[in-house]
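Enquirer: A predicted structure for the sequence below; I have some questions about it.
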Amino acid sequence: MTETSERRVISVIVVNEASVLSRITDLFSGRGYNITSLTVAPIPESRYSRLTIVTSGSVRVIEQITKQLHKLIPVLRVYEHADLVEKEMALIKFPLSENLSDISTLCAAYNGKIVNVGENVIIAMVADEPQRIENFLRVIKKYNPKEIVRSGAVALER
Amino acid sequence: MQMSGAQMVIEALIAEGVDTIFGYPGGAIMNVYDEIYKQNKFKHILNRHEQASVHAAEGYAKASGKVGVALITSGPGFTNAVTGLADAYMDSIPLVVISGQVPMSLIGTDAFQEIDAVGISRSCTKHNYLVTDAKDLPRVLKEAFYIAASGRPGPVHVDIPKDVTAQIEEFNYDIEINLETYKPNVKGNTRQIKKAVEAIAKARRPLFYLGGGIINSNAAYEVRELVHKTGIPAVETFMARGTLAHDDKLLISMLGMHGSYAANMAMSETDLVIGLGARFDDRVTGKLSEFAKNAGVIHVDIDPASISKLVNADFPIVGDIKNVVLEMLGLSELIDSNKYKSWRDTINNFDALHPLTFHEDSQRLKPQWVIQRVGELLGDSANISTDVGQHQMWAAQFYPFTRPRQWISSGGLGTMGFGFPAALGVKAASPEKISINFTGDGSILMNCQELMTAVEQKLPVINIILNNNFLGMVRQWQTLFYDKRHSQTDLSVQPDFVKLSEAFGGLGYRVHTKEEFDAALKDAVEKNVVAFIEVIVERFENVMPMVPSGGSLFNMMLLEKKEKK
């Protein structure tokens, strides 16, 4: 197939009930779709949860993903985003011996800061677009990060 | 009214109008079986294996159009039933399968006969439930029946822990189903339907591509009317057999891997595919990039995910086939049926060139003859089930179907062992018809324990075993594509099928000639007892024509022409 694969963000509104998350992930694994990242949290004051799934595939595959998701009984709505605001958070652990003012300045450039200081390490937080998070993580490599945690993307239609 | 969870199951089944269920008891479902013992509102048929219970429920559902019900226990009872769930899922058969589960307090402890049943059934059911509180049971059961039968039908699995079936709660089944997240679209978009009909009117070589969704939607007679009014020829998928009567002038035949030459050529030459409830399965399309290459596509289906999944639809219509076809009928005066005469002639020429046929043999009976002969002798008076393999394809090719729901076969999953238990369910659903199961010497052994069910329940299914001492379809592929290395397909060592049936109290016949076959079938029909008719047939007969896997529909291997004597 010549169809090219592209990155897409899909939001899924589901009934917040037992095993609903495995219904979603089983569908992806069973039909051979990719999950790049997945976040899930309850929607305030409702019986629903919102999943944000970053996936990739050809136009046909993305269309199938949204249709198959919609077929699941507890799925209320599926949004395949075209124009959206997307954010991701990352937590990074650095040795206390690194240049803290450099790190602090860099974090600030990515909507972040140092959020915890321990005896041997500090933890920094940044929150930005996933692509910018990638950039940030590349840049801070030289400060020897000991551990990196990414939250996965969350998104809202504009 | 206060009652136990087990009683609720019984009351819900009665409220749903269930008259027959299939099942097998065991530890975790005993509370429900105790209530079955105490009631006489519906019949319970005891199969001899849980897989057979689910297949029987499928046969019952397919023949009757109602929701089939099976009842099984936890652990191995459930895992045995999984094949049936998967089969029903692939073929969109409405089922409610209720399984027992270990008590809530033991879930997750690797208790005796515990398995994560809903975890297993998730990927092979339309929906499933683990009921953790008897308060939820009335709602869950009502939803289960609704979900199974509505939209694109399918199996729904309800897993109930043993303590929940013992729990006493208020039962009220007179509740509204309120599923905010599940609202199947049954009415097609009127503007889109009009556009589709206009496209049909413009087309020069349109072709109806009829699928199993028509049967599910009970729309066969409306489709017949549409086909006749428009004069547009039609091909049927394997699942759609019986939509048009076999002698309908506009029915070309079945298409696909073992479809007729004319049907596959018509699909290759058409300029507009009118797909009704078909899903462009790989066994139908062959090589996708060559499938109906120069044609536009109208695709009517109740399942939006089926549309443009494999073949892009120019006119997608999401809705129930019956509603959409009725709307199309209202617009059919836009279509001039005379316009397609030369197209019909072209197709008739295809058919004359390579008709669907076989060569008689003086040595051994030909399996196709047996199918045809049953058609001549029983025709409309029989419902036809099959197992899976060569006999199944020959039955689809050569049986003269006259009506929807006459044809009961495992299409999507291709489950060997489906036929006999399904035929039991068919017989339970329509006792006035003769229930035939065409099977092979491989398939029949996969659920032959159902002889006991048939004898006990007086369900006189006639199993016609086309015995070629081979796992024939695999043998055919080995002959054609594996240089005749017949790996593990030679079934020369076999039971005595006559004695096997007799051992259970059934009838057994072994026939070698046409005369013997006629006599055996007549006798089995008259005696009205479950029967095995073992027919010794040509060993190396191949199902033809054949589109090799991944090949184009128009590149068929054809029956070799026989030299005229």
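Expert: Yep, that arrived. Residues are numbered from 1 along each chain as shown, chains lettered A, B, ... in the order given.

Enquirer: Settle this for me: residue B:230 is touching residue B:337, isn't it.
Expert: Yes - in this structure, residue B:230 is within contact of residue B:337 by Cβ atoms under 8 Å, at 5.6 Å. Placement of C-beta: from N, CA and C, glycine included.

Enquirer: So for these two, which residue has more residues nearby?
Expert: With neighbours defined as other Cβ atoms under 10 Å in any protein chain shown, residue B:230 and residue B:337 compare such that residue B:230 has more, 25 against 15.

Enquirer: The more buried one: what's it in contact with?
Expert: B:200, B:332, B:335, B:337, B:340 (Cβ atoms under 8 Å, 6 or more residues apart in numbering or on different chains).

Enquirer: Show me which pair in those is furthest apart.
Expert: Farthest pair in the contacts of residue B:230 (Cβ to Cβ) is B:332 and B:340. Separation: 13.2 Å.

Enquirer: Tell me which of these two has more neighbours.
Expert: Set side by side, residue B:332 and residue B:340 show more neighbours around residue B:340, with 22 against 17, by other Cβ under 10 Å.

Enquirer: Need the pLDDT of the more buried one.
Expert: For residue B:340, the pLDDT comes out at 96.

Enquirer: Could you check how many residues crowd around the residue lying closest to it once chain neighbours are set aside?
Expert: Distances taken as Cβ to Cβ, 6 or more residues apart in numbering or on different chains place residue B:231 nearest to residue B:340, at 5.4 Å, with adjacent residues excluded. Neighbour count for residue B:231, taken as other Cβ under 10 Å: 18.

Enquirer: hang on, residue B:231 packs against residue B:249?
Expert: No - counting by Cβ under 8 Å, residue B:231 sits too far from residue B:249 to count as a contact (9.5 Å).

Enquirer: Report the contact partners of residue 139.
Expert: Since no chain was named, I'll use chain A. Residue A:139 is in contact with residue A:106, counting by Cβ under 8 Å, 6+ apart.

Enquirer: wait, chain B
Expert: residue B:175.

Enquirer: gap between it and residue A:16?
Expert: 17 Å (Cβ to Cβ, to the nearest Å).

Enquirer: so which residue of chain A comes closest to chain B?
Expert: Closest contact between chain A and chain B, by Cβ to the nearest Cβ, is at residue A:67 (3.8 Å).

Enquirer: Assign a three-state SS to that residue, would you?
Expert: Of the three states, residue A:67 takes helix according to DSSP: H, G, I helix; E, B strand; the rest coil.

Enquirer: With residue A:85 instead?
Expert: Applying three-state DSSP: residue A:85 is strand.

Enquirer: Excluding residues flanking it in the chain, which one is nearest it?
Expert: Excluding the flanking residues, the one nearest residue A:85 by Cβ to Cβ, 6+ apart is residue A:156, at 5.2 Å.

Enquirer: ok so the one you found is a strand residue?
Expert: Yes - judged by three-state DSSP, residue A:156 forms part of a strand.

Enquirer: if I read this right, it contacts residue A:83, doesn't it?
Expert: No - using Cβ under 8 Å, residue A:156 makes no contact with residue A:83, being 10.3 Å away.

Enquirer: What parts of chain A come near chain B?
Expert: By the rule Cβ under 8 Å from any Cβ of the partner chain, the part of chain A lying against chain B is A:14-15, A:18-19, A:22-23, A:26, A:30, A:60, A:63-64, A:67-68, A:70-71, A:73-76.
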